[in-house]
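Peer 1: sharing a model that was predicted from the sequence below.
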Amino acid sequence: MAKLTRREQGFEGKIEEGKEYPIEEAVAIVKECATAKFDETVEGHFRLGIDTRHADQAIRGSISLPNGVGKEVRVAVFAEGEKAKEAEAAGADLVGGDELIAKIADGFVDFDATVATPDMMAKVGRLGKVLGPRSLMPNPKLGTVTMDVEKIINELKAGRIEYRADKFGIVHVPVGKASFDAQALVENYQALLDEIVRAKPAAAKGKYIKSAVITSTMGPGVKVEIS
């Protein structure tokens, strides 16, 4: 049996093995165990009863959490002319057309989200190999291919996040920082849970949410009750 680290020893006795906790209790435990020297990210993890090999069971969407995620979001916008000016005025960190596309094609990815006007997508599509694996490609289904660039930039800066199920049917999403008030984390978690329930594919059979866990970057996972 592997020897527990000093940090792991500090978690002993705080979590009952196999127990599922009400979200309020789970958040309290996560905050108590977040003892790193930096402000740890708190994440929700949901194991779903879906088979992502089938397109009709894939899950992907976005949500603006009520209390944000406590992270400064760098937004890159592919736009020209008046829409580029609108993006700059809205606080986009990077705005451009051909020059920005070329820069990213060369490997620059120092941003957290992208937005594009529809007329730019023919060119932006060439960046699929760079942006796709990082889930950074603008997507009309997520509202990031739009003419209303000001609105989507404001939403992204305020803490709008994307979620998707990985190949194992698990969704991993940040819900805030350990420094957040406990109630803010509870509200964010509940909003995310409601959104995942709403996104249930019609083709999914059997139990949909098989398990849920909340954790911090360096802390233990705490199982959460799902009613």
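Peer 2: Yep, that arrived.
Peer 1: please list all residues in contact with Asn67.
Peer 2: By CB atoms under 8 Å, 6 or more residues apart in numbering, the contact list for Asn67 reads 159, 176, 180, 184-185, 187-188. In short, each C-beta sits where N, CA and C put it, glycine included.
Peer 1: so which of those comes closest to Ser62?
Peer 2: Gly159 (10.9 Å; CB to CB).
Peer 1: tell me the pLDDT of that closest one.
Peer 2: On pLDDT, Gly159 comes in at 81.
Peer 1: quick one: it and Val73 touch, right?
Peer 2: Yes: Gly159 lies in contact with Val73 (CB atoms under 8 Å); the separation is 7.5 Å.
Peer 1: partner strands of the host helix or strand of Arg47 and their direction?
Peer 2: Using DSSP states H and E, Arg47 sits within strand 41-48. For strand 41-48, the paired strands and their directions (DSSP bridges) are strand 170-177 (antiparallel), strand 209-216 (antiparallel).
Peer 1: what about those strands, which gets the closest to Asp98?
Peer 2: Comparing the strands paired with strand 41-48 against Asp98 with CB to CB, the closest turns out to be strand 170-177 (33.0 Å).
Peer 1: run through who's touching the closest one.
Peer 2: Contacts of strand 170-177 (CB under 8 Å, 6+ apart): 39-48, 59, 65, 67-71, 161, 163-166, 184-185, 188-189, 192, 196, 214.
Peer 1: select only the buried ones of those residues in ChimeraX?
Peer 2: Typed into ChimeraX, the line below selects the buried ones among those, using 16 or more other CB atoms under 10 Å:
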select :39,40,41,42,43,44,46,48,59,65,67,68,69,70,161,163,164,165,184,185,188,189,192,196,214
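Peer 1: give me the angle between the longest helix along the chain and strand 209-216.
Peer 2: Longest helix in the chain by number of residues (criterion: DSSP state H): helix 182-198. Counting by axes from the mean of the first three to the mean of the last three CA atoms, to 10 degrees, helix 182-198 lies at 150 degrees to strand 209-216.
Peer 1: before we move on, the earlier item: report the lowest-confidence entry in the contacts of Asn67.
Peer 2: Minimum confidence in the contacts of Asn67 sits at Gly159, scoring 81.
Peer 1: can you pull the contacts of that one?
Peer 2: Here Gly159 is in contact with 64-65, 67-71, 73 (CB under 8 Å, 6+ apart).
Peer 1: hmm, which of those residues is lowest in pLDDT?
Peer 2: Among the contacts of Gly159, Lys71 has the weakest pLDDT, 83.
Peer 1: quick one: that one is in a strand?
Peer 2: No: Lys71 is assigned coil when assessed by DSSP: H, G, I helix; E, B strand; the rest coil, not a strand.
Peer 1: how about the contacts made by it?
Peer 2: Contact analysis of Lys71 by CB under 8 Å, 6+ apart lists 41, 112, 159, 174, 177.
Peer 1: I'd like to know how far the third one sits from Arg53.
Peer 2: To tie it back to what came earlier, the one meant is Gly159. 32 Å (CB to CB, to the nearest Å).
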